[in-house]
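Visitor: Any chance you could fold what I've pasted below:
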Amino acid sequence: MNGRNEATLKMVGDNVQVLTTPHSLMEKVGLGADPTDFGLPDLLEDGIDREEQDARLLNVVQNHLFIYKDGRKLPIIVIPPMLEFLSDLFFEREQQAILWKPLTQP
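Guide: Predicted coordinates:
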């Protein structure tokens with residue numbers, strides 16, 4: 001097999017694996033790929049209620065996503081209004097939403 005089609009993984013940072021070829025995902029997990037194969041919760045599982053959907057989305061954002069800034073790995077912190085906004089859009093509870101910052105008095 002030539003080097004362009006080999007299924008290889010490269011580490012980026014401490015814990016992010018990058019698939020290096022278009023075919024490597026199919027070669028690794030096949031057609032039956034499931035988010036849990038990658039350590040992620042299944043956000044679109046049938047039959048879970050709103051609270052469980054919100055908890056799973058919160059888990060993904062706070063435990064699997066981060067921001068690199070100035071060489072540091074910073075966690076993403078989600079407060080309840082942010083979670084409600086993200087969940088409503090992600091799970092299509094709303095077709096559109098406006099995120100705003102409340103006006104505070106000086």
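
Visitor: can you give me the helices for the chain?
Guide: 24-29, 50-64, 80-90 (DSSP state H).

Visitor: Including mean pLDDT, could the ones you listed go into CSV?
Guide: Shown next, in CSV, are the helices of the chain (pLDDT from 0 to 100):
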stretch, mean pLDDT
helix 24-29, 62
helix 50-64, 92
helix 80-90, 89
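
Visitor: For K73, find the nearest of the ones you listed.
Guide: Proximity to K73, assessed across the helices of the chain by C-beta to C-beta, is greatest for helix 50-64 (12.3 Å). Any C-beta I mention is one placed from the backbone N, CA and C, and that applies to glycine too.

Visitor: Compile the helices of the chain into a markdown table and extend it with columns for distance to D42 and mean neighbour count.
Guide: As requested, the helices of the chain are exported to a markdown table (distance: least, C-beta to C-beta, whole Å; neighbours: other C-beta atoms under 10 Å):
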| stretch | distance to D42 | mean neighbour count |
| --- | --- | --- |
| helix 24-29 | 14 | 13 |
| helix 50-64 | 8 | 15 |
| helix 80-90 | 13 | 15 |
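
Visitor: want to try TSV for these, with distance to R72 as columns?
Guide: As requested, the helices of the chain are arranged in TSV below (distance: least, C-beta to C-beta, whole Å):
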stretch	distance to R72
helix 24-29	30
helix 50-64	17
helix 80-90	21
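
Visitor: OK, contacts around the closest residue to F90 other than its chain neighbours?
Guide: Residue nearest to F90 in three dimensions, not counting chain neighbours: L57, with 6.1 Å by C-beta to C-beta, 6 or more residues apart in numbering. Contacts of L57 were listed using C-beta atoms under 8 Å, 6 or more residues apart in numbering, and they are L43, L83, L86, S87, F90, F91.
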